[in-house]
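J.: how would this look folded up:
(4 chains)
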4 protein chains.
Amino acid sequence: MSERPLVIVAPHPRDLDMIFTLDALSEFRERYELVETTSGEIDALPTDVLARARYLVGQPDISDALLAAMTNLRAIVNVEGNFTDNMPYATCFERGIHVLITSSVFAEPVAEMGLGMALSLHRQIAKADADFRRGEEVWGLDGNGSAQLLTGSRIGIVGFGDLGRCLNRLLAGFRAKVRVYDPWLPASTITDHGAKATALDDILAKSDTVFVTASVTADNQHLFDARAFASMKPGAAFVLLSRAGIVDFDAMREAAASGHIKVATDVFPEEPPAADDPVRSTPNMILSAHRAGALDRVFKRMGDILLDDLELMDAGLPPVRARRAERETVRRMRSKPVSKS
Amino acid sequence: MSERPLVIVAPHPRDLDMIFTLDALSEFRERYELVETTSGEIDALPTDVLARARYLVGQPDISDALLAAMTNLRAIVNVEGNFTDNMPYATCFERGIHVLITSSVFAEPVAEMGLGMALSLHRQIAKADADFRRGEEVWGLDGNGSAQLLTGSRIGIVGFGDLGRCLNRLLAGFRAKVRVYDPWLPASTITDHGAKATALDDILAKSDTVFVTASVTADNQHLFDARAFASMKPGAAFVLLSRAGIVDFDAMREAAASGHIKVATDVFPEEPPAADDPVRSTPNMILSAHRAGALDRVFKRMGDILLDDLELMDAGLPPVRARRAERETVRRMRSKPVSKS
Amino acid sequence: MSERPLVIVAPHPRDLDMIFTLDALSEFRERYELVETTSGEIDALPTDVLARARYLVGQPDISDALLAAMTNLRAIVNVEGNFTDNMPYATCFERGIHVLITSSVFAEPVAEMGLGMALSLHRQIAKADADFRRGEEVWGLDGNGSAQLLTGSRIGIVGFGDLGRCLNRLLAGFRAKVRVYDPWLPASTITDHGAKATALDDILAKSDTVFVTASVTADNQHLFDARAFASMKPGAAFVLLSRAGIVDFDAMREAAASGHIKVATDVFPEEPPAADDPVRSTPNMILSAHRAGALDRVFKRMGDILLDDLELMDAGLPPVRARRAERETVRRMRSKPVSKS
Amino acid sequence: MSERPLVIVAPHPRDLDMIFTLDALSEFRERYELVETTSGEIDALPTDVLARARYLVGQPDISDALLAAMTNLRAIVNVEGNFTDNMPYATCFERGIHVLITSSVFAEPVAEMGLGMALSLHRQIAKADADFRRGEEVWGLDGNGSAQLLTGSRIGIVGFGDLGRCLNRLLAGFRAKVRVYDPWLPASTITDHGAKATALDDILAKSDTVFVTASVTADNQHLFDARAFASMKPGAAFVLLSRAGIVDFDAMREAAASGHIKVATDVFPEEPPAADDPVRSTPNMILSAHRAGALDRVFKRMGDILLDDLELMDAGLPPVRARRAERETVRRMRSKPVSKS
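T.: The predicted structure follows:
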């Protein structure tokens, strides 16, 4: 006997222990009848299970037939972090099935990492520590040749989704002049956040620090090329936080190697890069092995979002915490899904 | 012929080119008749020069006789950064001569460095970069074992002068719970800044990050000893931004070496430490060679403060930008002056 | 010859001069081919006009047949301010036609009016002015019997849509403890705005000021009744900014008349109330004739939202400034549309 | 036997019950030996009492002889609200006796009243309520002819002490462009508070709302005259919060009467004005009978400041909460002391 709503669970490459705290998982199990499965096995679930499913948590491949069989489905909740082209989105939209993503959990950790990288670049925190350990530190003023303050400086943010907005919030205390480029938003939305909508060329030419937070789409592959890096202010910092596809990586590396700009990156075209990849010895760079968002405690916030939004939908209300796939944009995304966390 | 007020200038170890921008120095020279001298030679200035001096910019030794000779003096402006016990303060206070210090310029650069260090400690930015360059990086979640977010965390600030307040301001976007210990301030002043006045023991026991910004005084030498470090939360970060005298440095180093806490420091008991000082190879530390405040552009803000406050005093108004020496506390300070920047 | 997208315009009870500035209207006419019509005449438009229409601006009655005829429709933009049950919403959602509302323009003017009313209630600004004009003013401390500060006080906001959030933003400088009740939102969303999700009973019992900003729905008619007002703190202020249906108006008036609480209202069950309605002479009340949102310059912001969102949709992107009707809630609304502004 | 420090108390026109909460007064009595007296009787206190007095709370007349007799005096704490020329300030400064004033308690209540008045002027809250009660209300848009929003508007603040800064803080949520005129401050201090230092003429010509918070000094009597009011934008609001002496009151009244500007005032040249004073029937004005600061709970905060600062001085530290008299400015003040609260 169960009157609890049924949830099909196929969270691979996550698992439930990863995306829920112990308490939240207990609540999840208490509130719902869970049917745990995988992408390969979901089609084989009994018809009545499919028919009773109110929610699907995960990002398995979904065929037209499978979607048709889930006659009571209210929402599909992606807990990986990127929408992929593996389900009949049009039918979901027609039927009013919410397709949700919990990737907003990554905004805070990635924004903090980005700010930490920018401060480290401008003040040479990482390099000075390495020098000190080799007995080659330079003291006081002499050790601060190219140092810059963020306070009062000109900061560019490219992409103004959850991550860009979180960065903007973290910068609140710095009294900086923040300019934003996001072609999916009108200027007024950016102004509402206390920043200034600005053309990309202008951002590159005028910023002391540029943060790249935009997702890769069909339109912005290699948006940042040699010409873009050359147009930046000497000594400016370029912090790449989203995906490597948005930059010409070699051009970026060379712009750092030449000393023209400073660069920090959390992402690479191939991960890991080869042992002899020149990026590993390029000066004026901070290298991070795709670590910016992947914190234990961060993944567990996905479960909190899930519980909040499922509760709203149980009450016949729309979800408010997860981000919804949009008809217009869901198929423009080009991020590769992760195979492991 | 000169009707401009006379200023005696003895800024050593600074010089005027260091503390003024070109434009500000022009304005300074235009507004005032400058008599440039040194600590050793100031006594030998002509009596009428001393008598006409309205301001003294610098921190030379001043005898009772010399002060008596400067009959029209309105202010002594220290541009080094620490009050030292080399002048008859009591007489200054009696006569209403302001003794001013421009050290507030260091608050922003040191606070930014402190925040950058904290982010680097919690997210291992420096260490991960070094690992990557050696081909030993760890990817994604696996590389984030002890990572913590500042957002929403518990942060302690010890000392709530210009620097502590600036740090608190930089943290505005982090929605952190900020606790402050400053025995020279009532709780209400701290509350006014959105933080919570807290006993030091509590700050140590509860904070995920502790920033030490307090000046060294007669009362707080070795305030942080082995017991203090042991009382901290495992994995917490300790960021030392003021002077080494306030900590038992060996105990701090050992607390990092043991893995109990993470430590960043800009200051050392002896600067530089010996080539074989164990601090140079201690893990879980970020080392910085007294570089947090010493930026070219920061020193030049001293000149701006000077010009602002001298203009006010010229108009018969009190200075507002530089900090004043206080009768009660000026002689409690124990910071060693710097011999070079 | 026209390659401009076609927009059917039926904005009654607004008109285009009301919702656009001169410049914005020029841009609107330049970007689009406008077909201006009315609710009664829209069915009679030529088939090809209906078929070519990309947008419909206004809130006319729409039959199934009419909607079917508009085969290229991307969005219906309501410029009145309330969704009404006069179109086949289900079909809109199926077809992916955005149903949008520009009512967010009212948030700022209504929030400012609400804050002004609260300050006026707590400091008796209106009453003291009237007394002064009659020669009956009371001076200084004696005139401030029940005065309260907002700074540091406990403030309740009921309903946390555009208006409630705007109020919360205006209160930023007051360091108040803001509690919010909104059954359509999880606690975490409220926490994200620096407020605390709280049960309604608690808000009533603990708040020094309660702002009601919630729309009337099927569930909240007469949510505030005699029992609710009795549970409020003596001397608390109750500020009604949304619709009269949410309160038992007589009970509210009596709670003010008795001196138990102070009340401000911008809305009335019948507008205008009768000449001899007791509300007109009730003490401890501020009366406003549905004026909180209806400012010339505010209506004109609807045109800005329109231009922004139509431009996004022209580019194949989703609208971001207007609020979308939601399948789950659009038919729960119970606000009566206005017949004139 | 008493080892408690001795405090001479002469708070007239306040009394201890007015400036302390019950708990704070208990603490005050516990911590100190109080000798309660009056301005007339203080000279007659026993020599040893005078000699032992560490603090004097109040603003009695003090002769040279009396001050000389108080050989251990550390501070005189004015609890009235204005420095007056009734004591040998020069000697106090020489001896290092702090002369303190607790008037910062008035900043919050006066700033809130000022903001409430501005909102009431721009939205006609008081007038519309009066009209409604007479059955002459005008509904909706038609009732909002001259209404303006504060959000995003241009706001001028004249005088940037405790009150002006508190107003600026309350305005934080309004995203307004705040300009400040204060001839006692450098531009940089104003910039630090997020406002813009501006010449007075510019503030008058460009502001939608002007708040006057400056104390009356020898230099600014009738600073706002007919020419100043004529230079304001039509429909702008002028809110007078400090003292009447700073304006040509008749000119201000006439500027309101003519409809050129809107005016709110808490102060009058004679208080109360005559029964037939035309100000009582001037339209476009809000009249308040010197009530902005005089709240019970506000006076009691004086006691909190006292307890905090006395505790610091007991510990040999400088006071930080009360404002200190300055040698340069204490005798420039021209406010008349109040005779009653």
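J.: for the residue of the stretch 201-341 of chain A found nearest chain C, what are its contacts?
T.: Using C-beta to the nearest C-beta, the single residue of the stretch 201-341 of chain A nearest to chain C is A:D308, 3.7 Å away. Placement of C-beta: from N, CA and C, glycine included. Residues near A:D308 by C-beta atoms under 8 Å, 6 or more residues apart in numbering or on different chains: A:P319, A:V320, A:R321, C:P186, C:S188, C:T189.
J.: which one of those is nearest to B:G235?
T.: Comparing the contacts of A:D308 against B:G235 with C-beta to C-beta picks out C:S188 as the nearest, at 25.6 Å.
J.: what about the closest one, how many neighbours?
T.: Residues lying near C:S188 (other C-beta atoms under 10 Å in any protein chain shown) number 15.
J.: give me the mean pLDDT for the helix or strand harbouring it.
T.: According to DSSP states H and E, C:S188 maps onto helix C:187-192. Mean pLDDT, helix C:187-192: 96.
J.: what packs against whichever helix or strand comes after that helix?
T.: Per DSSP H and E, the first helix or strand lying C-terminal to helix C:187-192 is strand C:196-197. Contact here means 3 or more C-beta pairs under 8 Å, 6 or more residues apart in numbering or on different chains; DSSP states H and E; on that basis strand C:196-197 packs against strand C:177-181, helix C:187-192.
J.: wait, A:P318 sits on C:R324?
T.: No - the pair A:P318 / C:R324 is not scored as a contact, 9.5 Å apart, by C-beta atoms under 8 Å.
J.: next to chain D, which bits of the stretch 51-200 of chain A? Give me the list.
T.: Within the stretch 51-200 of chain A, the positions near chain D by C-beta under 8 Å from any C-beta of the partner chain are A:R175, A:G194.
J.: low pLDDT regions in the stretch 51-200 of chain A?
T.: Within the stretch 51-200 of chain A, not a single segment meets pLDDT under 70.
J.: which of the helices and strands packed on strand C:196-197 is buried the deepest?
T.: Comparing the helices and strands packed on strand C:196-197 by mean neighbour count (mean count of other C-beta atoms under 10 Å in any protein chain shown), strand C:177-181 comes out on top with a mean of 22.
J.: any idea how far it is from the middle of the chain?
T.: On the basis of C-alpha atoms, centre = their mean, to the nearest Å, strand C:177-181 sits 19 Å off its chain's mean C-alpha point.
J.: ok, it: who's next to it in the sheet?
T.: Partners of strand C:177-181 in the sheet, by DSSP bridges, are strand C:154-158 (parallel), strand C:196-197 (parallel).
J.: closest one of the contacts of A:D308 to B:R253?
T.: Taking C-beta to C-beta as the measure, B:R253 sits nearest to C:S188 out of these, at 41.1 Å.
J.: what parts of the stretch 101-250 of chain A come near chain B?
T.: Contact residues (C-beta under 8 Å from any C-beta) of the stretch 101-250 of chain A with chain B: A:108-109, A:112-113, A:115-117, A:119-120, A:123, A:125-126, A:128-130, A:132-133, A:135, A:137-141, A:143-144, A:147, A:149-151, A:169-174.
J.: check which residues of stretch A:265-273 are buried.
T.: Of the residues in stretch A:265-273, A:T265, A:D266, A:V267, A:F268, A:P273 count as buried by neighbour count, 16 or more other C-beta atoms under 10 Å in any protein chain shown.
J.: repeat that for stretch A:40-47.
T.: A:I42, A:L45.
J.: just the endpoints, please. Distance across that stretch?
T.: End-to-end span of stretch A:40-47 (C-alpha to C-alpha, to the nearest Å): 16 Å.
J.: thinking again about what came up before, buried members of the residues of the stretch 101-250 of chain A next to chain B into PyMOL, please.
T.: The PyMOL selection below is limited to those of these classed as buried (16+ other C-beta under 10 Å):
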select buried, chain A and resi 108+109+112+113+115+116+117+119+120+123+125+126+128+129+130+132+133+137+138+139+140+141+143+144+147+149+150+151+169+170+171+172+173+174
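J.: narrow the residues of the stretch 101-250 of chain A next to chain B to those in helices?
T.: Assigned to helices by DSSP state H, the following of those qualify: A:108-109, A:112-113, A:115-117, A:119-120, A:123, A:125-126, A:128-130, A:132-133, A:169-170.
J.: rounded mean pLDDT for stretch A:326-334, please.
T.: pLDDT averaged over stretch A:326-334 gives 82.
J.: kindly export it (C-alpha atoms) in PDB.
T.: Taking only C-alpha atoms (Å, rounded to 0.1, in the frame of the first residue of the first chain), the coordinates of stretch A:326-334 have been written out as PDB:
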ATOM      1  CA  GLU A 326      13.200  26.900 -22.200                       C
ATOM      2  CA  ARG A 327      11.700  26.000 -25.600                       C
ATOM      3  CA  GLU A 328      13.800  28.600 -27.300                       C
ATOM      4  CA  THR A 329      17.200  27.800 -25.900                       C
ATOM      5  CA  VAL A 330      17.400  24.200 -24.500                       C
ATOM      6  CA  ARG A 331      18.700  22.900 -27.800                       C
ATOM      7  CA  ARG A 332      21.300  25.600 -28.300                       C
ATOM      8  CA  MET A 333      23.600  24.300 -25.500                       C
ATOM      9  CA  ARG A 334      26.800  22.600 -26.400                       C
END
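J.: next one: that stretch to chain centre, how far?
T.: 15 Å.
J.: kindly report the same for stretch A:31-50.
T.: Distance of stretch A:31-50 from its chain centroid, counting by C-alpha atoms, centre = their mean, is 29 Å.
J.: is any part of it close to chain C?
T.: No - against chain C, stretch A:31-50 shows no contacts by C-beta under 8 Å from any C-beta, the least distance being 13.9 Å.
J.: tell me how far the ends of that stretch are from each other?
T.: Across stretch A:31-50, first to last residue, C-alpha to C-alpha, it's 18 Å.
J.: what mean pLDDT does that stretch have?
T.: For stretch A:31-50, the mean pLDDT works out to 96.
J.: contacts for it?
T.: So stretch A:31-50 is contacted by A:2, A:4-10, A:12, A:16, A:28, A:53, A:55, A:58, A:60-63, A:65-66, A:69-71, A:307, A:310-311 (C-beta under 8 Å, 6+ apart).
J.: what do you get for stretch A:169-180?
T.: By C-beta under 8 Å, 6+ apart, the residues outside stretch A:169-180 that reach it are A:111-112, A:115, A:150-158, A:160, A:164, A:168, A:190, A:193-198, A:202-203, A:206-207, B:151, B:169-174, D:194.
J.: A:G145: neighbour count?
T.: Neighbour tally, A:G145, other C-beta under 10 Å: 11.
J.: actually A:A205, sorry about that
T.: 14.
J.: and if you look at A:E30?
T.: Around A:E30 there are 8 residues (other C-beta under 10 Å).
J.: that's a helix at it, yeah?
T.: Yes - the assignment for A:E30 is a helix, going by DSSP: H, G, I helix; E, B strand; the rest coil.
J.: and for A:F160, nearest residue in space, chain neighbours not counted?
T.: Closest residue in space to A:F160, ignoring its immediate chain neighbours: A:D182 at 4.0 Å, by C-beta to C-beta, 6 or more residues apart in numbering or on different chains.
J.: and the helices in chain A?
T.: A:16-19, A:22-31, A:47-52, A:64-69, A:89-95, A:107-123, A:125-133, A:162-170, A:187-192, A:200-206, A:226-230, A:249-257, A:296-314.
J.: just say which of the ones you listed is most tucked in.
T.: Per stretch, and counting mean count of other C-beta under 10 Å, the top mean among the helices of chain A goes to helix A:107-123, which has a mean of 27.
J.: sorry, back to before: and the helix holding C:S188, what does it pack onto?
T.: Using 3+ C-beta pairs under 8 Å, 6+ apart, helix C:187-192 sits against helix A:296-314, strand C:196-197.
J.: buried deepest among the strands paired with strand C:177-181, which one?
T.: Mean neighbours per residue, mean count of other C-beta under 10 Å, is largest over these for strand C:154-158, with a mean of 25.
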